[in-house]
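Trainee: Here is the input, now give the coordinates:
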Amino acid sequence: MTLKNFLPVFLFFGIGLSVQAQKLSVISQKETTRLISTLSADDMQGRATFTPGIEKAADFIQQEFRKTGLKPLADNSNPKDFRQTFKLYRLTPGIPQLEADGEHFQAEALFFNTSYQQLNWTNNNARIIVSIGEEQDFREAFSKLNKLEEDALVLVHPVHQKLFEAYRHHFQGVGARQETNAGSSKVFVLTDKAAFASYSFSVTNQVEQLPLFNVAGMIEGKRKDEIVVFSGHYDHIGILAPVAGDSIANGADDDASGTTAMMMLARYFAKQPKPERTLVFVAFTAEEIGGFGSRHFSEQLNPDQIVAMFNIEMVGKPSKFGPNTAYLTGFDKSDLGSLLQKRLTGTPYALHPDPYPEQNLFYRSDNATLARLGVPAHTVSSVQIDQDKTYHTVHDEVELLHMEHLTNMIRAIALAAQGVVNGQDTPSRIDKTLVR
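Mentor: This next block holds a predicted model:
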């Protein structure tokens, strides 16, 4: 190409990049900081499910959706109501009591997983006694035992005490159930015994049916029945035991960062011409206690009409790949990641496959529900999960995040998603038979 021909092309690309930069200026670091600082502030009380803190967070997200000019999803009868409300049972665990072979076990040596308001067990043939021995992998054994369809008393060797205590901390917190007094129950006991000749176990739990709500809005596209979802979960884990006087798990990175990204993307796409495909923006509830918000959401839409899902989680810190980079979970399960990589070619940003396959991140966020239905649903993240020390602690605060990186990640997603949004890119469906 001669210089004479090259110069207009060079100018064309220069103008194109300038125009794109102007469009991306909607995604400002100032506004990004405002949103995430509000969501992760102490007065949100850690945004635990069923608390006033998450109610306050929902109100804030709804206000931002109104200001952006989104429309509520069609299942909302109130044109100003972005809440997608459903009901769950809140189960507050009682104090368990166990007597076995003449020994009284303290509550600290027990935890249980049940949907029943009351358990009153004595040794009989109605349930089995199994053990997790010294040489077994606790996580693997727990997973298998928890899937059993029969009641079980599980005796855990003390060598697993550290993991036992971590699991106990999780199960002694408030839980949620879609139904109560159904299914099997499991009781776990920390003991060096491999069997009990006799035992008596009892617990009485508090059960209440309460409302929960996703917050969801949309920009209707020219192709109304082709949907692109942008999401993040806005709940976190609430109040923990105090550390140096701080008891609020603010959840700045997990996942105020993803929720902020979703809201900023809504603002960005609302400023663009009408999209080819319909865009849905949703803040999920109850991710931390079982993904109930994304489950409800998946039942409100036809999954065959959802072209792609961009779930966003923990993007407030730089990734292991360096500045302006993130990764996509389940990269090999559809070609969405490859399509996004192509869109980012020539930009300052890059997207990589998930470098932590052993962490099962694809199944640990709200994308998994729709992925199981065949939707190319993946999570964009940048957290170095194997090294992060603030995850699920009181130290996950906005002051420890990299705001420039977060802002750039939102811009990267906006650029990468353009082809899917404008109808030029259509990712392959996920093979439902390969998703566990």
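Trainee: all contacts plus neighbour counts: C-alpha atoms, from now on.
Mentor: OK.
Trainee: helix or strand right after the helix or strand hosting L145?
Mentor: L145 belongs to helix 138-146 when assigned by DSSP states H and E. Once the chain leaves helix 138-146, the next helix or strand it forms, by DSSP H and E, is strand 152-156.
Trainee: got the contact list for the next helix-or-strand element following that following strand?
Mentor: Later in the chain than strand 152-156, the nearest helix or strand by DSSP H and E is helix 161-171. Outside helix 161-171, the residues within contact range by Cα atoms under 8 Å, 6 or more residues apart in numbering are L110, F111, F112, N113, F138, V156, L190.
Trainee: Could I get the CA-only coordinates of helix 161-171 as CSV?
Mentor: Provided in CSV are the C-alpha atoms of helix 161-171 (Å, rounded to 0.1, in the frame of the first residue of the first chain):
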residue,chain,number,x,y,z
GLN,A,161,-10.9,-30.0,62.2
LYS,A,162,-9.8,-26.9,60.3
LEU,A,163,-12.1,-27.6,57.3
PHE,A,164,-14.8,-28.9,59.7
GLU,A,165,-14.8,-25.6,61.4
ALA,A,166,-15.0,-23.7,58.1
TYR,A,167,-18.0,-25.7,57.0
ARG,A,168,-19.6,-25.4,60.4
HIS,A,169,-19.3,-21.6,60.2
HIS,A,170,-21.1,-21.7,56.9
PHE,A,171,-23.9,-24.1,58.0
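Trainee: So which elements touch the helix or strand following that helix?
Mentor: The helix or strand immediately downstream of helix 161-171 is strand 175-177, counting by DSSP H and E. When contacts are defined as 3 or more Cα pairs under 8 Å, 6 or more residues apart in numbering; DSSP states H and E, strand 175-177 packs onto strand 83-92.
Trainee: again, only using 10 Å
Mentor: Under the contact criterion of 3 or more Cα pairs under 10 Å, 6 or more residues apart in numbering; DSSP states H and E, strand 175-177 touches strand 83-92, strand 206-219.
Trainee: For the shortest one, which strands pair with it and how are they oriented?
Mentor: In its sheet, strand 83-92 lies beside strand 175-177 (antiparallel), strand 206-219 (antiparallel), with partners assigned from DSSP bridges.
Trainee: could you point out which element follows that strand?
Mentor: Per DSSP H and E, the first helix or strand lying C-terminal to strand 83-92 is strand 97-100.
Trainee: ok, now how distant is the spatially most central residue of the chain from E288?
Mentor: The centroid of the chain falls nearest to S365 when counting by Cα atoms, centre = their mean (3.8 Å). Separation of S365 from E288 (Cα to Cα, to the nearest Å) stands at 9 Å.
Trainee: circling back to that earlier point, tell me who's in contact with the residue nearest to the centre of the chain.
Mentor: 232-233, 287-288, 290-291, 294, 311-313, 329, 378-379 (Cα atoms under 10 Å, 6 or more residues apart in numbering).
Trainee: Three-state assignment for it, please.
Mentor: coil (DSSP: H, G, I helix; E, B strand; the rest coil).
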